[in-house]
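Novice: take this sequence and fold it.
(one chain, ligands or ions: 2)
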Amino acid sequence: MLAIAQSAVLVGITSFPVRVEVQAERGIPTFELVGLAEAAVRESRVRVKSALAGVGVDISECRVTVNLAPADVKKSGSSFDLAIALGTLVALGAIPEESIAGVLLLGELSLNGGMQSLRGVVAHLLGAKERGVVRAIVPRANEREAALVDGVEVELASTLGEIVDALRGKGALRQPKVVASATVTSPIDDLSDVRGQHGARRALEICASGAHNLLMMGPPGAGKTMLARRLPGILPALSREEALEVIAIHGVAGLLGTTSSLVVERPFRAPHHTASDVALVGGGEHSRPGEVSLSHHGVLFLDELSELRRTALEALRQPLEDGVVTVCRMRMTVTFPARPMLIGATNPCPCGNYGDGTPRCGCGFEAIRQYRRRLSGPLLDRLDFHVVLPRVDLLELQSASGGESSAVVRARVEASRATQRERWRRGEVSVQANAHLSQRDVERVCALDATGKDVLAQAVERRGLSARAYGKVLRLARTIADMDGATAIAAKHVMEAVLGRVLDRDQTNGRPFETDAA
Ligand SMILES: Nc1ncnc2c1ncn2[C@@H]1O[C@H](COP(=O)(O)OP(=O)(O)OP(=O)(O)O)[C@@H](O)[C@H]1O
Ligand SMILES: [Mg+2]
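Specialist: Ligands and ions are numbered 1, 2, ... in the order given. I've put the predicted structure just below:
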């Protein structure tokens, strides 16, 4: 008889339903699998045959034909094993047909019938919930993820044998226990460790408040990496939806660890500057998410920004603008969310000491110019706020206490985010954070008074701000005003926002700047 089982395939982080049709009968032994299946899926035949033998069903005298529908969606991965095995059992009359009707079946089987842990369970269950699927069976090893999604009745199993017994009415499968997911910030990285660097601390807080991108330029050992690592700790806690999205992306990438509970922190990703374009933006043979998606809702830290390859910078430009990455692969377009806060860090010159005085910078004018030119205009444009860090003063380093703790700063950040969310809730703007305001939103909520306009006009003239940088300044000024609790943007808010464009000048008109060597 023909049996039908329900499974699913992931395209990006979207789960698409796959109908597994199985025809099985006594006959010349064959096991055919059709329906645009990749090699890993075709290998399923070997695993299923062996696993079925383990539950006492020998298909070596059977003609089995499996069709994965719809046929125009490429099937990859090994999660169809369970559906194929149970479909075969139904087709052979070994378990009742209605026992698997409408149940989403996900699992890779080992030769002895064990259920292997699976990638992307959260993404699958979120998709199932959306499609109105009410029941699913997944590997026990994915319990923590299964517990996160409500609205689908999930059952867990470690072996095919357990499932067959349960479907025959002998015993029941266990349901996932809800494990509390906590938002914690690593107590090791606190802002109070940072001595001095008041300007950079302020810049970090402004950017955290409005989700703006930040560029830090400073000599080696000034604390750039240190500050960037402390950014997740001052960002507001992830909402439940955001956390699920983060887990879905990391789950698809196979990056969820194996600890007993899922701790949901904002991601912090710091890829090396030699990372490939695919590693940064995603794609490749298996259409995996790249760093820009793995840091969605978190922080993407690009250290040594001037050393990053040109093609990588180019590849990042579009995702940073759109908040999504689209990768194309064999007729399929895969889209991943990609909205991190970007933090770039760079030295001011090849030796790192320019503008410092002690020790003197030995780089020539041309060398510095070349070095800075690598931070291309378009990328610099996308880094909303620039801050130049001085070397840390010895007295400050020796001082007993650092600045405010992450918790204190986070409370303020949360307050200004709440103001922004409130505007969104009232329908005044289309997004929840100032950095993402659309052009129309900006026109609506970033109006300047006459003095503010004047300040900005002078900045445009002196620094040669691009149209994009102009818009960034307005959004930043909105954030600074929000931090100040001000409804209207005042001139002082614009002034501080304009200070955040310090590096535009040497890029746009190439005006010479002094070096110690010159
Ligand atoms: N402002 C600071 N307050 C306290 N300690 C600091 C500060 N800046 C640097 N340090 C100390 O120096 C170490 C190196 O700092 P960090 O790695 O952040 O420098 P960096 O600016 O990223 O340098 P590089 O340009 O070489 O990457 C830190 O781990 C910390 O111990
Ligand atoms: Mg560093």
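
Novice: from here on, just use CA atoms for contacts and neighbour counts.
Specialist: OK.

Novice: what is the strand ranked longest in the chain packed up against?
Specialist: With residue count as the measure and DSSP state E as the assignment, the chain has strand 14-26 as its longest strand. Here strand 14-26 is seen to pack against strand 2-11, strand 62-69, helix 81-91, helix 121-131 when contacts are counted using 3 or more C-alpha pairs under 8 Å, 6 or more residues apart in numbering; DSSP states H and E.

Novice: near ligand 1, which residues of the stretch 201-350 of the chain?
Specialist: Within reach of ligand 1 by C-alpha under 6 Å from any ligand atom, the stretch 201-350 of the chain has these residues: 219-226, 347.

Novice: can you rerun that using 8 Å?
Specialist: Proximity of the stretch 201-350 of the chain to ligand 1 is assessed by C-alpha under 8 Å from any ligand atom, with 218-227, 303-304, 345-347 identified as the residues in range.

Novice: among those, which are in helices?
Specialist: Counted as lying in helices by DSSP state H, out of these, are 224-227.

Novice: hmm, back to that, check the residues of the stretch 201-350 of the chain next to ligand 1 for burial and list the buried ones.
Specialist: 218-220, 222-225, 227, 303, 345-347 (16 or more other C-alpha atoms under 10 Å).

Novice: go ahead and confirm residue 495 touches residue 455.
Specialist: Yes - counting by C-alpha atoms under 8 Å, residue 455 is a contact partner of residue 495 at 6.6 Å.

Novice: would you map the helices across the stretch 351-500 of the chain?
Specialist: Under the criterion DSSP state H, counting those that start in this stretch, the stretch 351-500 of the chain contains helices at 365-373, 377-382, 394-398, 406-425, 439-445, 450-463, 467-483, 491-499.

Novice: tell me which of those is the most buried.
Specialist: Per-stretch averages of neighbours, counted by mean count of other C-alpha atoms under 10 Å, single out helix 467-483 among these, with a mean of 24.

Novice: show me what that one is packed up against.
Specialist: Helices and strands touching helix 467-483, as assessed by 3+ C-alpha pairs under 8 Å, 6+ apart, comprise helix 198-210, helix 377-382, helix 406-425, helix 439-445, helix 491-499.

Novice: again, 10 Å this time
Specialist: helix 198-210, helix 377-382, strand 385-388, helix 406-425, helix 439-445, helix 450-463, helix 491-499 (3 or more C-alpha pairs under 10 Å, 6 or more residues apart in numbering; DSSP states H and E).

Novice: quick one: closest of the ones you listed to residue 57.
Specialist: Across the helices and strands packed on helix 467-483, the minimum distance to residue 57, taken as C-alpha to C-alpha, is reached by helix 406-425, at 58.1 Å.

Novice: now do the contacts for the nearest residue to residue 1 once chain neighbours are set aside.
Specialist: In space, and not counting its chain neighbours, residue 1 is closest to residue 91: 5.1 Å by C-alpha to C-alpha, 6 or more residues apart in numbering. Taking C-alpha atoms under 10 Å, 6 or more residues apart in numbering as the contact definition, residue 91 lies against 1-4, 21-25, 64, 85, 97.

Novice: how about 6 Å then?
Specialist: By C-alpha atoms under 6 Å, 6 or more residues apart in numbering, the residues touching residue 91 are 1-3, 24.

Novice: compare those residues and tell me which has the most neighbours.
Specialist: For the contacts of residue 91, counting by other C-alpha atoms under 10 Å, the largest number of neighbours falls to residue 24: 24 neighbours.

Novice: I figured it was touching residue 61, is that so?
Specialist: No - because the distance of 10.3 Å does not satisfy C-alpha atoms under 6 Å, residue 24 is recorded as not touching residue 61.

Novice: show me the shaky parts of this protein.
Specialist: Low-confidence segments of the chain, defined by pLDDT under 70: 178-188, 257-263, 329-331, 356-359, 376-377, 400, 505-518.

Novice: could you list the domains of it?
Specialist: Each structural domain of the chain that the record assigns through automatic domain parsing is listed here as a residue range: 2-167, 191-426.

Novice: could you tell me the end-to-end distance of the first one?
Specialist: Distances were taken as C-alpha to C-alpha, to the nearest Å; on that basis the terminal residues of domain 2-167 are 18 Å apart.

Novice: likewise for stretch 489-504?
Specialist: With C-alpha to C-alpha, one end of stretch 489-504 sits 23 Å from the other.

Novice: can you list contacts of it?
Specialist: Residues from elsewhere that reach stretch 489-504, judged by C-alpha under 6 Å, 6+ apart: 385-386, 448, 451-452, 473, 476-477, 480-481.

Novice: and which of these is nearest ligand 1?
Specialist: Top of the list for closeness to ligand 1, among the contacts of stretch 489-504 and by C-alpha to the nearest ligand atom, is residue 386 at 14.5 Å.

Novice: my read: the closest one touches residue 215, true?
Specialist: Yes - using C-alpha under 6 Å as the test, residue 386 is close enough to residue 215 to be in contact (4.7 Å).

Novice: which one of these two has more residues nearby?
Specialist: A count of neighbours by other C-alpha under 10 Å puts residue 215 above the other of residue 386 and residue 215, at 29 against 25.

Novice: quick check on the more buried one: phi, psi?
Specialist: phi -120, psi 130 (degrees, to the nearest 10).
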